[in-house]
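Colleague: Pasted the sequence and its predicted model underneath.
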Amino acid sequence: MVTDPSQPAASIDPAGTAAPAPALSAQVRSVLAILMGSAFVMMLNETTVAVALPAVMADYAVSAATAQWLLTGFLLTMAVVMPTTGWMLERFTTRAVFAAAVGSFLVGTVLAALAPTFAVLLLGRIGQGLGTAMLLPLMLTVTMTLVPAERRGSVMGVIAVVMAVGPALGPTVAGAVLAVTTWHGIFWIMVPLVAAAGILGMMRLRNVSTPVHVPLDVLSVLLSVVAFGGLVYGLSSIGIILAGGSAALVAIGVSVAGALGLALFVGRQLRLARTESALLDLRPLAVPGFTVPLIALLVLFAALLGVMNTLPLYLQGSLLASALATGLVLMPGGLVETVLSPVAGRLFDRVGPRPVVIPGMVFAFGALAWLSTVDETTSVWQIALIHVVFSIGLAACLSPLMTAALGSLPAPLYGHGSAILNTAQQLAGAAGTAALIAIFSAVSEGSRSGGAAEAVALADGAGTAFLVAAIAVAAAGVLSLGIGRKPPAQTVAG
């Protein structure tokens with residue numbers, strides 16, 4: 001990966017101080033807008049299907065366990081493909097990877113919208129996951145390549161909107177669509193958006209790297225499938241494992257295979273790195289400036305997805321809110337995060353990560369601690385307010401943590417650093433979702449066994465799950481104290 005020579009570095013005046021970074025050119029802004037627009041639709045898609053599962057189950061006469069594969073299959077695809085994106089970004093041009101990502105997502109979306117059977121619908125979701133897995137690392141790599149260090153915080157603030165607000169608004173969009181049409185409409189509304197982004201992207205996007213002939217190590221690919229596919233499946237099956245039975249034995253076996261596959265995958269990448277032929281270069285993990293914010297980001301992301309997937313269960317089960325009402329409750333927080341994430345990015349450019357991240361962690365912890373006090377009588381408006389406070393914390397944390405992590409790497413490692421970050425996020429998201437839902441289910445069942453009413457039992461389970469999420473965020477806040485407090489160094493010409 002080479003830096004785009006059309007982007008001038010900040011100059012040094014006679015007094016020795018760095019001059020302000022130049023504004024982004026119109027072409028760079030348009031390229032970033034196309035990538036972010038495409039990614040936003042893909043991230044929105046990640047959570048829309050969950051709201052439509054009951055309708056899908058009714059149409060195809062499948063069980064909840066079978067329908068859940070529309071979510072698990074998407075995650076598995078992303079977890080398996082993302083480790084290969086570092087190699088893709090080195091081996092192929094930017095335009096080629098973009099075309100493959102948008103094409104895969106578009107074909108998968110049309111296939112899902114027209115699906116005559118559940119198997120075809122699942123195949124369409126796999127196509128969507130394939131496209132999303134390629135586009136997200138591409139977006140981060142292009143951003144780190146084209147945007148000067150002095151302005152990365154601001155741009156990454158907008159990317160944080162894409163990566164966090166998209167999934168947050170997914171239930172709202174799905175609820176609105178289901179109010180006027182069938183679940184097929186959830187896929188149809190994405191088709192023209194992604195198609196337009198693909199056409200514009202191929203017209204405006206230029207290559208920002210020089211492809212290098214890096215051989216594809218087939219054994220590494222196979223090990224990554226076993227490792228990351230097995231781990232995501234195992235983490236997603238925590239509830240099944242706790243329930244016991246033959247299904248639990250299968251999940252445990254897959255988890256063990258995933259752990260062994262990961263060990264073998266890591267060992268092979270370390271050996272191949274000596275000859276610059278690793279499928280996923282793990283050298284970024286040896287950089288403390290990358291690893292510390294990465295771990296904090298993963299803990300926060302696990303709590304985010306866990307809460308976002310548990311909250312609808314509480315709202316619809318305990319408070320008896322409709323699917324549309326559930327989406328509307330989460331919408332104010334998504335809008336707040338949309339506004340504040342770019343602000344947090346600009347603050348990062350000015351003061352560095354720690355002064356922005358630490359207050360954000362405090363907001364996030366306070367919101368989740370408050371959320372852990374809910375019961376069956378809690379007002380939905382109170383939940384909306386708590387979610388707004390939580391979104392303020394997320395806005396202050398996500399983009400500074402991503403920027404601090406990737407900004408600590410040399411340019412040749414941007415692609416592999418982006419692949420590591422996105423792959424680890426999928427594992428963290430699966431772990432957080434599975435853990436909180438397992439806690440929610442176990443505590444709810446215990447309350448029912450003790451004679452509690454259904455609404456009370458579900459509220460008990462939700463409160464406990466949210467408390468665990470709050471503790472996890474508190475741990476991430478402590479870890480964030482190890483992140484540097486200074487803004488990124490100015491890039492010196494020459």
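Modeller: Structure received.
Colleague: Low-confidence stretches in the chain?
Modeller: 1-22, 64-65, 164-165, 168, 208-209, 323, 485-494 (pLDDT under 70).
Colleague: okay, now the domains of it?
Modeller: 26-216+279-480, 217-278 (automatic domain parsing).
Colleague: which one of these is the most hemmed in?
Modeller: Of all the domains of the chain, domain 26-216+279-480 has the most neighbours on average by mean count of other CB atoms under 10 Å, namely a mean of 21. Every residue, glycine included, has its C-beta placed from N, CA and C.
Colleague: and the end-to-end length of that domain?
Modeller: 35 Å (CA to CA, to the nearest Å).
Colleague: quick check, residue 206 in a helix?
Modeller: No: counting by DSSP: H, G, I helix; E, B strand; the rest coil, residue 206 is not found in a helix; it is coil.
Colleague: Quick check: phi and psi at it.
Modeller: phi -120, psi 160 (degrees, to the nearest 10).
Colleague: For the stretch 101-250 of the chain, which segments count as helices?
Modeller: 118-146, 152-160, 166-180, 184-188, 190-204, 218-224, 230-236, 238-243, 246-273 (DSSP state H, counting those that start in this stretch).
Colleague: Can you add distance to residue 283 and give those helices back as a markdown table?
Modeller: Output for the helices of the stretch 101-250 of the chain, formatted as a markdown table (distance: least, CB to CB, whole Å):
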| stretch | distance to residue 283 |
| --- | --- |
| helix 118-146 | 16 |
| helix 152-160 | 21 |
| helix 166-180 | 30 |
| helix 184-188 | 39 |
| helix 190-204 | 30 |
| helix 218-224 | 15 |
| helix 230-236 | 22 |
| helix 238-243 | 32 |
| helix 246-273 | 7 |
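Colleague: Ok, which of those helices comes nearest residue 464?
Modeller: helix 238-243 (14.3 Å; CB to CB).
Colleague: Can you show me the CA trace of the closest one as PDB?
Modeller: The C-alpha coordinates for helix 238-243 follow below in PDB (Å, rounded to 0.1, in the frame of the first residue of the first chain):
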ATOM      1  CA  ILE A 238     -23.300 -20.100  24.100                       C
ATOM      2  CA  GLY A 239     -27.000 -20.400  25.000                       C
ATOM      3  CA  ILE A 240     -27.100 -23.800  23.300                       C
ATOM      4  CA  ILE A 241     -24.000 -25.000  25.200                       C
ATOM      5  CA  LEU A 242     -25.500 -23.900  28.500                       C
ATOM      6  CA  ALA A 243     -28.700 -25.700  27.700                       C
END
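Colleague: And it, what does it pack against?
Modeller: helix 246-273, helix 414-449 (3 or more CB pairs under 8 Å, 6 or more residues apart in numbering; DSSP states H and E).
Colleague: Pull the distance from that helix to the chain's centre.
Modeller: 24 Å (CA atoms, centre = their mean, to the nearest Å).
Colleague: for stretch 452-459, same thing?
Modeller: The answer for stretch 452-459 is 31 Å, by CA atoms, centre = their mean.
Colleague: Need the contact partners of that stretch.
Modeller: 313-314, 317-320, 374-376, 378, 440, 444-445, 447-448, 460 (CB atoms under 8 Å, 6 or more residues apart in numbering).
Colleague: Over to stretch 342-361?
Modeller: 150-158, 160-161, 293, 296, 300, 392-397, 399-401, 403-404, 473-474, 476-477, 480-481, 483-488.
Colleague: Could you report the separation of residue 338 from residue 29?
Modeller: The gap separating residue 338 from residue 29 is 18 Å, by CB to CB, to the nearest Å.
Colleague: try residue 368
Modeller: Residue 368 is 36 Å from residue 29, by CB to CB.
Colleague: Equivalent analysis for residue 391, please.
Modeller: Distance, residue 391 to residue 29, using CB to CB: 26 Å.
Colleague: Equivalent analysis for residue 443, please.
Modeller: For residue 443 relative to residue 29 (CB to CB), the value is 49 Å.
Colleague: Next: residue 457.
Modeller: Distance from residue 457 to residue 29, by CB to CB: 52 Å.
Colleague: Identify the residue nearest residue 300 in space, chain neighbours excluded?
Modeller: residue 476 (5.1 Å; CB to CB, 6 or more residues apart in numbering).
Colleague: mind listing what that neighbour touches?
Modeller: Here residue 476 is in contact with 295-296, 299-300, 303, 361 (criterion: CB under 8 Å, 6+ apart).
Colleague: Just put those residues in CSV and tack on secondary structure and distance to residue 353.
Modeller: Output for the contacts of residue 476, formatted as CSV (DSSP: H, G, I helix; E, B strand; the rest coil; distance: CB to CB, whole Å):
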residue, secondary structure, distance to residue 353
295, helix, 14
296, helix, 10
299, helix, 16
300, helix, 13
303, helix, 19
361, helix, 11
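Colleague: Go through those residues and name the one nearest residue 118.
Modeller: Among those, and counting by CB to CB, the member closest to residue 118 is residue 303, at 31.7 Å.
Colleague: host element of the closest residue to the closest one other than its chain neighbours?
Modeller: Spatial nearest neighbour of residue 303, excluding adjacent residues (CB to CB, 6+ apart): residue 469 at 4.3 Å. For residue 469, the host element (DSSP states H and E) is helix 454-480.
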